[in-house]
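**Student:** Sequence isn't available, so here's the structure alone:
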């Protein structure tokens, strides 16, 4: 990173490597996924929202933040 200081180069390196295997789901009832109108009111920071409506689901999450100070 030090060699790139002061430049306009953007480096993104995200590696997700989750695995699911030999899963089964029997007589599973899944629901709906809803976000209400005021769910994000007064939000600050970096929001990360993960929703899951299924069974045997692998959820992976990554955030890439590009910050430029000029």
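**Tutor:** Great, that's in hand. Note that this is a predicted model, so its numbers are computed, not measured.
**Student:** if I pick the residue at minimal distance from the centre of the chain, what's in contact with it?
**Tutor:** Centroid-nearest residue in the chain, with C-alpha atoms, centre = their mean: residue 61, separated by 3.3 Å. Residue 61 makes contacts with 48, 50, as judged by C-beta atoms under 8 Å, 6 or more residues apart in numbering. C-beta: built from backbone N, CA, C; applies to glycine.
**Student:** Quick one, grab the pLDDT at it.
**Tutor:** Residue 61 carries a pLDDT value of 86.
**Student:** quick one: it and residue 51, what's the gap?
**Tutor:** Per C-beta to C-beta, to the nearest Å, residue 61 is found 11 Å from residue 51.
**Student:** for residue 64, same thing?
**Tutor:** Residue 64 is 20 Å from residue 51, by C-beta to C-beta.
**Student:** How many residues are close by residue 19?
**Tutor:** 5 (other C-beta atoms under 10 Å).
**Student:** I figured it hits residue 58, correct?
**Tutor:** Yes. Counting by C-beta atoms under 8 Å, residue 19 sits close enough to residue 58 to count as a contact (7.5 Å).
**Student:** Run through the residues that contact residue 47.
**Tutor:** residue 40.
**Student:** Could you look up the SS state of residue 25?
**Tutor:** Judged by DSSP: H, G, I helix; E, B strand; the rest coil, the three-state class of residue 25 is coil.
**Student:** Which pLDDT value belongs to it?
**Tutor:** 86.
**Student:** mind starting the numbering at 14 from now?
**Tutor:** Yep, numbering from 14; the last one is residue 38 now.
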